[in-house]
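Enquirer: Okay, here's the prediction I keep looking at, along with the sequence it came from:
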Amino acid sequence: MIHKLMSLGYCATRLPGALSYMREAGRLYHGSREAMMAYQEEKYRRLVEYAYRHVPYYRRVFDGIGLFEGGRLREDRLGDIPILTKDILRQEQENMYSDEMQSRRPYSAATSGSTGIPLTIWYDRHYMVRNRADKFFMGQLNGRELGEPELKMWFRDFDLYQKNGKDKDRFYNFFTNRTFRLASVINEEALKGYIDAINQVKPVQIWSNPAPIFEVSKYVVSQGIPVHRPRSIILTSNPLYDEMRQAMQQAFPGTWIADQYGGTEFGVVACGIREDKNLRIFEHSARVEVLDDAGRLLPHGTGDIVITGLNNYSMPLIRYRMGDMVTVLPYGDEKEGSFGSISRVMGRRLSMLRRRDGTSVTGLHLRDLLTKPWIKTFQLIQHSYDNLEALVVLEGTPQEHREGLDQITEQIREVMGVECRFTFCDSIPSEKTGKFYYVRSELE
């Protein structure tokens, strides 16, 4: 009870509006499909109208397609809004900001860059409160009420969190009863540490990327180690493959294994609910479209996912191509609720890199080492256990950044146990599929 009161108090004082938005999401989820879609369309129209009046890029683009006539939105032209790509976002960066952004308490974050160069996205408090509320709601749908213990196993270096001013998460963790555990390296010692954390915290819910939980699950089963069974495990950031799910279900029988899809740009976009493998789209916060190769809207089937975030007014992203392929289902097969579903997420993949001794390191951890303002883009390729190559596009010359490059070399050697050689390029080609893998392993 005390933890619930602390969480409620935190939300009331630090996240005003989060609880009401969470309740609103629940009302929509348990209501009719018609009410859900009417709510989404109204939010979409409001966002488009705001973007036209306050964002230079959209004012120019919307005038170009005649979306507004006499200052009034022509709803019959909404389907003509062009797709926003990462290249456009990169080129138009400063033209994407609202002219009211500075008064909206803005803050920024960088995308993972898994399809190329990381992008900086700006948000505001309006978005932040609703994003937190959606995470609470996602937890609630998977069995965790506010204040119940949660364990976050994540791949980020906590020192990097502190340098970026994110040590304030400690305050959030304390009041919401969340324990943070760094989970960037996978070896026997680390696995024992993760299991100890699970047994000590006894979380109702674990939130993680799949790799560490997958490796923990295999280790628990092979060694016969007793481990606490949470009510649910929510997995995000990397693909959740069937063999991973099966291993987790074997190690944590009775635990719901839920996949989550989202991104730095939008927060939670869709998530699994309890035992359902399909992901339910958070349609109160995101408008999802799926397009075929010709750019035509698909009512269902497999295609490119295009997302509009409905809560970020400081830097609206309208019809933004994420770079992922999804399979969207026709509405009606859901076990409950008014949210639509996607059944598969395919596309960007960050590899696990392996050391010669058989232990693994997440590509996400290595990516952080190479994410520097003076590196335009890169691709880290593991050709073999002893052959690690970093293709790098620099801002300037290698001589100008020799000290930084030497530091990266030493950090990678500490993690992987081998030397990484740099190949400096003017550009790095995408794969034949059109995808760009930030970290890639050629090992079988």
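Expert: Sure thing, it's come through.

Enquirer: What distance do you get for Ser285 to Gly363?
Expert: If you measure Ser285 against Gly363 using C-beta to C-beta, to the nearest Å, the figure is 28 Å. To be clear about C-beta, it is placed using only N, CA and C from the backbone, and glycine gets the same treatment.

Enquirer: same deal with Tyr123?
Expert: According to C-beta to C-beta, Tyr123 stands 26 Å off from Gly363.

Enquirer: Then Gly9?
Expert: 39 Å.

Enquirer: Looking at those two, which one has more neighbours?
Expert: A count of neighbours by other C-beta atoms under 10 Å puts Gly363 above the other of Gly9 and Gly363, at 24 against 11.

Enquirer: Leaving out sequence neighbours, find the closest residue to that one.
Expert: Among residues not flanking Gly363 along the chain, Val439 sits closest, at 3.2 Å (C-beta to C-beta, 6 or more residues apart in numbering).

Enquirer: What's opposite the one you found in the beta bridge?
Expert: Leu380 (DSSP bridges).

Enquirer: For it, report the pLDDT, please.
Expert: Note on Val439: pLDDT of 82.

Enquirer: what's the neighbour count on it?
Expert: 24.

Enquirer: let's have the chain start at 43 instead
Expert: Sure, I'll start counting at 43 from here, so that last one is Val481.

Enquirer: from what I can see it touches Arg409, true?
Expert: Yes: assessed by C-beta atoms under 8 Å, Val481 is found in contact with Arg409 at 5.5 Å.

Enquirer: From the contact counts, what lies against the host helix or strand of Val311?
Expert: Per DSSP states H and E: Val311 is located in strand 309-314. Contact analysis of strand 309-314 by 3 or more C-beta pairs under 8 Å, 6 or more residues apart in numbering; DSSP states H and E lists helix 167-183, strand 298-305, strand 321-323, strand 328-333 as its packing neighbours.

Enquirer: Switch these over to TSV, and while doing so, append mean pLDDT, distance to Arg271 and mean neighbour count to every line.
Expert: Below are the helices and strands packed on strand 309-314 laid out as TSV (pLDDT from 0 to 100; distance: least, C-beta to C-beta, whole Å; neighbours: other C-beta atoms under 10 Å):
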stretch	mean pLDDT	distance to Arg271	mean neighbour count
helix 167-183	96	17	22
strand 298-305	92	11	23
strand 321-323	95	23	25
strand 328-333	95	32	19
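
Enquirer: got JSON lines for these, with distance to Met64 too?
Expert: Formatted as JSON lines, the helices and strands packed on strand 309-314 follow (distance: least, C-beta to C-beta, whole Å):
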{"stretch": "helix 167-183", "distance to Met64": "4"}
{"stretch": "strand 298-305", "distance to Met64": "16"}
{"stretch": "strand 321-323", "distance to Met64": "15"}
{"stretch": "strand 328-333", "distance to Met64": "16"}
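
Enquirer: To Ser250, which of the ones you listed lies closest?
Expert: Nearest to Ser250 among the helices and strands packed on strand 309-314 is strand 298-305 (10.3 Å), distances taken as C-beta to C-beta.

Enquirer: before we move on, back to that, I'd like to know which of the helices and strands packed on strand 309-314 is closest to Ser383.
Expert: Closest among the helices and strands packed on strand 309-314, using C-beta to C-beta: strand 321-323, at 5.7 Å.

Enquirer: Following the chain onward from the worst-scoring helix or strand of the chain on mean pLDDT, which element is next?
Expert: In the chain, no helix or strand scores lower on mean pLDDT, DSSP states H and E than helix 200-205, which sits at a mean of 47. Note on helix 200-205: by DSSP H and E, the next helix or strand toward the C-terminus is helix 211-218.
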